[in-house]
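K.L.:
quick check, what structure comes out for this input:
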Amino acid sequence: MARVAIKALNGAHLNLEEWGAPRGAPLLALHGFTGCASTWRFLADALGESYRLLAVEVQGHGASDAPKDPRLYTMERTVQALEEVLDLLDVGRIHWLGYSMGGRIALSAAIALPSRTASLTLESASPGLAAPQERAARVRDDMRMADWLLEVGIAPFVDYWQALPLWASQARLDPEVRARLRAQRLDNHPLGLANSLRGVGAGAQPALYHRLREITAPALFIAGEDDARYVAMAQEMHKAVAGSRLHIIKEAGHAAHLEQPAAFVKQVAAFLNAVATVPAGPTGARALRRSP
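P.N.:
Purely as a prediction, here's the structure:
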């Protein structure tokens, strides 16, 4: 685990965890809203011999700092921060992997940083809301939710969040897994989550439908079959991105990597192994420059 100071975030620190082969092809994984880096630890067993797995906790989540200024949470600042992380790690091109909010961030990064993108894997991700009225309504909803979160605190918010219909399929999970997931969500900072809603919520994010055709790197779109809305978005993005792959995971909802980890790993591993190996960076992999 390492915490690195990021200039794009006015010196705020991001937490990063690393597993796998130090000189393997670099894979950077991004968690969803209320998530953390450990979401991706299970990938180490399947991919660790060949890949350098890097999991970043975005600002406001996990052990990363939660700056007060909501302007430090915008998609533009978030992508700038990730590019800075790549520079600190001396990584030239990266395999992006993102889930939900992390998928929206990974998509934005792949479009903004084509020369740094080796491939793109998105799970339950959205290219944003195309209709201006829908975007405006979502921004209003997210702002109200952010204010409410700060008013009631983290525990009531997590109770509300995990009761949403989006997570209904997680009733199939082992009770111990659900308990760990709840504990992990509770470990976030209320201000960090509130500012994430304000800065990189689905409404605040710039819509990217019209830019999907700019993606030339290999791409894989994954969704759980029980999550009809995101299945439709995965299919739409797959059609827009030339040469991309699509896989719908059975008996899974929004968090397919959690509900069906073996099926998820199988698809990701097959996709990455089909992509040409990418050098670790311009000077090779080296130790991370750590900040106290």
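K.L.:
least trustworthy helix or strand in this protein by mean pLDDT?
P.N.:
helix 43-47 (a mean of 91; mean pLDDT, DSSP states H and E).
K.L.:
parallel or antiparallel, which strands does the helix or strand following that one pair with?
P.N.:
From helix 43-47 onward toward the C-terminus, using DSSP states H and E, the following helix or strand is strand 51-57. Strands that pair with strand 51-57, judged by DSSP bridges, come out as strand 13-20 (antiparallel), strand 25-30 (parallel).
K.L.:
would you mark the buried spots in the helix or strand following strand 51-57?
P.N.:
Downstream of strand 51-57, the next assigned helix or strand under DSSP H and E is helix 75-88. Using 16 or more other C-beta atoms under 10 Å as the test for burial, helix 75-88 gives 75, 77-86, 88. The C-beta positions use only the backbone N, C-alpha and C, and glycine is treated the same way.
K.L.:
what is the nearest of the residues you listed to Ser50?
P.N.:
Proximity of these to Ser50 (C-beta to C-beta) peaks at Leu86, which lies at 19.4 Å.
K.L.:
how far away is that closest one from Glu57?
P.N.:
16 Å (C-beta to C-beta, to the nearest Å).
K.L.:
show me the contacts for Tyr99.
P.N.:
Taking C-beta atoms under 8 Å, 6 or more residues apart in numbering, we find Tyr99 in contact with 29-32, 35, 39, 123-125, 255, 257.
K.L.:
any idea of the mean pLDDT in the top helix by length along the chain?
P.N.:
In the chain, ranked by residue count with DSSP state H as the criterion, the top helix is helix 132-152. Helix 132-152 carries an average pLDDT of 95.
K.L.:
show the subsequent helix or strand relative to it.
P.N.:
Later in the chain than helix 132-152, the nearest helix or strand by DSSP H and E is helix 154-162.
K.L.:
now do that following helix: which elements does it pack against?
P.N.:
helix 175-186, helix 190-200 (3 or more C-beta pairs under 8 Å, 6 or more residues apart in numbering; DSSP states H and E).
K.L.:
out of those helices, nearest to Glu225?
P.N.:
Glu225 lies closest to helix 175-186 among the helices and strands packed on helix 154-162, at 19.8 Å (C-beta to C-beta).
K.L.:
tell me which two in the buried residues of helix 75-88 are the farthest apart.
P.N.:
Largest pairwise distance in the buried residues of helix 75-88, by C-beta to C-beta, is 20.3 Å, between Met75 and Leu88.
K.L.:
OK, contacts around the most centrally placed residue in the chain?
P.N.:
Centroid-nearest residue in the chain: Gly102, 1.7 Å away (criterion: C-alpha atoms, centre = their mean). Going by C-beta under 8 Å, 6+ apart, Gly102 touches 29-32, 35, 58, 125.
K.L.:
and Ala255, by the same measure?
P.N.:
32, 99-100, 124, 167, 170, 224.
K.L.:
need the three-state assignment for the residue nearest to Arg211 when sequence neighbours are not counted.
P.N.:
Spatially, and ignoring its direct neighbours in sequence, Arg211 is nearest to Ile111 (5.3 Å; C-beta to C-beta, 6 or more residues apart in numbering). Look at Ile111: counting by DSSP: H, G, I helix; E, B strand; the rest coil, its state is helix.
K.L.:
isn't Ile111 up against Ala217?
P.N.:
No - when contacts are counted by C-beta atoms under 8 Å, Ile111 is not listed as touching Ala217 (10.1 Å).
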